[in-house]
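In: I need the structure of the sequence given here:
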Amino acid sequence: MDTIASLFSFITWPVSWVIVQFHKLYGAIFGPDTGWAWGLSIVSLVVLIRICLIPLFVKQIKSTRNMQLLQPKMKAIQERYKSDKQRQSEEMMKLYKETGTNPLSSCLPIIAQSPFFFALYHVLSAIASNKKIGVIDQSLLDSARQAHIFGAPLAAKFMDSAEKVGTLDASLTDVRVVTAVMIVLMSASQFFTQRQLMTKNVDLTVKTPYMQQQKMLMYIFPLIFAVMGINFPVGVLVYWLTTNVWTMGQQMYVINQNPTPGSKAQEQYLGRVLKSVTAHGQVRGRTRRNTVKRIVAKGPDRNDIERKFVVGLAKLGLAPQEDGTVAKSDTAVAEAEGGAPQRRQQPKRQTKAQRQTGAAHQGGAKDDDSGEPASKTSLKKSTAQDDKSKPAGKAASGSSRQAKSGQRKGPQRPKHPSKK
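Out: Numbering: from 1, shown residues only. Take a look at the predicted model:
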């Protein structure tokens, strides 16, 4: 570890200078030789570094969003080259290159702050060895060696011997208890941060190598930090625990305000937006309006959660607009369900007997309007038809059979000789 830390010695002077400036501020409040003054100086260093890394964090979020947008295409590649893993990997890399997406961008904040981490480790190791480093002179070195956090010196490690800890005016038991608790908290915060990302902010309907990578990191990172933590000074553990807590809070904010499409976090977020619209009748807040605007722009490509949100607005008689607001609409339900007005339903097809019955009713209605009884007019018509169609004696029986309902009109086919 000392060899790795020495590689980042070029940044040791800036890190030590920032710590000293914060120590002057907190030393005036808590006393220059207290653990609070030096511990809060390290915490303030973390906050300053993480504020400077916010642009990288925004880039990480954008890259993660691009990865989520590529999920359908990645799923199609998986299904197309299911039996050829090598071709599948080649197509995935080609897709990343065409869209300018880097699947390893989630590690950017960790990579960017690693020089500061190792520089701080180098500073604290020099304090433990009673060596001046950077802007820390002998008076500051003596003050830092006297500073204790819950009875553990800033420069003490879990694996230090009792003699070395004794030179720092502390007991081995206090050092190991404090370092063990901090290592557990550091590993637990790392695991919770990664687990929160996997369970709430990932579209679980699509399985991709990116998801497998994140799942693997969820178990590997806490294990790595737990093993390496026994060789970290207390001051470095303070640094790493603070940055983990910062990352966890930062991620919780992103998940609550800008969740991944198709994730559980998006369902909870849109539920809160719908509840707010129900209470106030409008979309409140620029972030929420931008979310509604993106949902409207997707059109038929919305996922199930977004369609459910639009249907929820429709039940309130509201429709989302292109500017992110909502407006009253009579066709909101139709647009929510299909995106277009419903088609007119075709009437049911009737059977032949139903059609003949309906025609008979219509004829009866016309006769009633003329003022004559229906029975008389029907009798006259049947008599006239009989007179016209009676060429012979047997013709009458044929016409009477035609009058029966359900038989075909016109001349009947003669029966087969065998059926006579």
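In: could you use CA atoms for every contact and neighbour count after this?
Out: OK.
In: closest to the centroid, which residue in this structure?
Out: residue 260 (2.6 Å; Cα atoms, centre = their mean).
In: find the nearest non-adjacent residue to that residue, please.
Out: Distances taken as Cα to Cα, 6 or more residues apart in numbering place residue 201 nearest to residue 260, at 5.4 Å, with adjacent residues excluded.
In: so where does residue 181 fall, helix or strand?
Out: Taking DSSP states H and E as the criterion, residue 181 maps to helix 172-200.
In: so what secondary structure elements neighbour that helix?
Out: Under the contact definition 3 or more Cα pairs under 8 Å, 6 or more residues apart in numbering; DSSP states H and E, helix 172-200 sits against strand 152-153, helix 162-167, helix 209-229, helix 234-257, helix 264-280.
In: tell me the most buried of the ones you listed?
Out: Neighbour counts (mean count of other Cα atoms under 10 Å) averaged over each of the helices and strands packed on helix 172-200 peak at strand 152-153, with a mean of 27.
In: rounded mean pLDDT for that one, please.
Out: For strand 152-153, mean pLDDT is 90.
In: pull up the pairing partners for that strand, direction included.
Out: Applying DSSP bridges to the sheet, strand 152-153 is found paired with strand 148-149 (antiparallel).
In: low-confidence regions, the protein specifically.
Out: 1-9, 64-65, 67-69, 71, 102-110, 202-214, 330-350, 352, 358-420 (pLDDT under 70).
In: SS state for the residue nearest to the centre of the chain?
Out: coil (DSSP: H, G, I helix; E, B strand; the rest coil).
In: just confirm it contacts residue 266, I think it does.
Out: Yes - here residue 260 reaches residue 266: they are 6.2 Å apart, a contact under Cα atoms under 8 Å.
In: okay, and the common contacts of the two?
Out: Both residue 260 and residue 266 are in contact with residue 201, where contact means Cα atoms under 8 Å, 6 or more residues apart in numbering.
In: can you tell me the closest non-neighbouring residue to residue 119?
Out: residue 12 (5.0 Å).
In: and for that neighbour, the neighbour number?
Out: 22 (other Cα atoms under 10 Å).
In: contacting residues around it?
Out: Residue 12 neighbours (Cα under 8 Å, 6+ apart): 119-120, 122-123, 133-134.
In: recalculate using a threshold of 10 Å.
Out: By Cα atoms under 10 Å, 6 or more residues apart in numbering, the contact set of residue 12 is 5-6, 115-116, 118-123, 133-135.
In: how big is the angle separating the helix or strand harbouring residue 127 from helix 234-257?
Out: Residue 127 is part of helix 108-128 when elements are defined by DSSP H and E. Per axes from the mean of the first three to the mean of the last three Cα atoms, to 10 degrees, the angle that helix 108-128 makes with helix 234-257 is 160 degrees.
In: what comes up buried for helix 108-128?
Out: Within helix 108-128, the residues that qualify as buried are 109, 113, 115-128, counting by 16 or more other Cα atoms under 10 Å.
In: which strands or helices does it pack on?
Out: helix 2-7, helix 12-30, helix 35-52, helix 54-69, helix 138-146, helix 162-167, helix 234-257 (3 or more Cα pairs under 10 Å, 6 or more residues apart in numbering; DSSP states H and E).
In: now do it: distance to the chain's middle.
Out: 33 Å (Cα atoms, centre = their mean, to the nearest Å).
In: ok and that helix relative to helix 138-146, angle-wise?
Out: 100 degrees.
In: helix 108-128 vs helix 12-30, what angle?
Out: Going by the same axes, to 10 degrees, helix 108-128 makes 70 degrees with helix 12-30.
In: mind listing what residue 174 touches?
Out: With Cα under 10 Å, 6+ apart, residue 174 has these contacts: 149-153, 158, 165, 180.
In: pull the most distant pair out of those residues.
Out: 165 and 180 (15.5 Å; Cα to Cα).
In: one step back: which of the buried residues of helix 108-128 lies closest to residue 273?
Out: When those are compared for distance to residue 273 (Cα to Cα), residue 109 wins out at 30.6 Å.
In: thinking again about what came up before, closest to residue 26 out of the helices and strands packed on helix 172-200?
Out: So among those, helix 234-257 is nearest, using Cα to Cα, at 15.9 Å.
In: gap between that closest one and the chain center?
Out: 21 Å.
In: alpha carbons of it, as CSV, please.
Out: Taking C-alpha atoms only, helix 234-257 is exported to CSV below (Å, rounded to 0.1, in the frame of the first residue of the first chain):
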residue,chain,number,x,y,z
VAL,A,234,-8.3,5.5,11.2
GLY,A,235,-8.1,8.8,9.3
VAL,A,236,-8.4,6.9,5.9
LEU,A,237,-11.4,4.9,7.3
VAL,A,238,-13.0,8.3,8.2
TYR,A,239,-12.4,9.4,4.6
TRP,A,240,-13.8,6.3,3.0
LEU,A,241,-16.8,6.0,5.3
THR,A,242,-17.6,9.7,4.6
THR,A,243,-17.4,9.3,0.8
ASN,A,244,-19.6,6.1,1.0
VAL,A,245,-22.2,8.0,3.0
TRP,A,246,-22.1,10.9,0.5
THR,A,247,-22.4,8.4,-2.5
MET,A,248,-25.4,6.7,-0.8
GLY,A,249,-27.2,10.0,-0.2
GLN,A,250,-26.4,11.3,-3.7
GLN,A,251,-27.8,8.1,-5.2
MET,A,252,-30.9,8.2,-3.1
TYR,A,253,-31.6,11.7,-4.4
VAL,A,254,-31.1,10.6,-8.0
ILE,A,255,-33.3,7.6,-7.6
ASN,A,256,-36.1,9.6,-6.0
GLN,A,257,-36.0,12.5,-8.5
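In: so which bits of stretch 46-59 are buried?
Out: So, applying 16+ other Cα under 10 Å, buried residues of stretch 46-59: 46-47, 50, 53, 56-57.
In: try stretch 25-40
Out: Judged by neighbour count using 16+ other Cα under 10 Å, the buried positions of stretch 25-40 are 26-27, 32-40.
In: distance between the ends of that stretch?
Out: One end of stretch 25-40 sits 10 Å from the other (Cα to Cα, to the nearest Å).
In: and the residue nearest to residue 278 when sequence neighbours are not counted, how many residues sit next to it?
Out: Distance criterion Cα to Cα, 6+ apart; nearest residue to residue 278, sequence neighbours excluded, is residue 316 at 7.5 Å. Neighbours of residue 316 under the rule other Cα under 10 Å: 16.
In: wait, doesn't residue 316 sit right on residue 280?
Out: No - Residue 316 is beyond contact range of residue 280, at 11.8 Å (criterion: Cα atoms under 10 Å).
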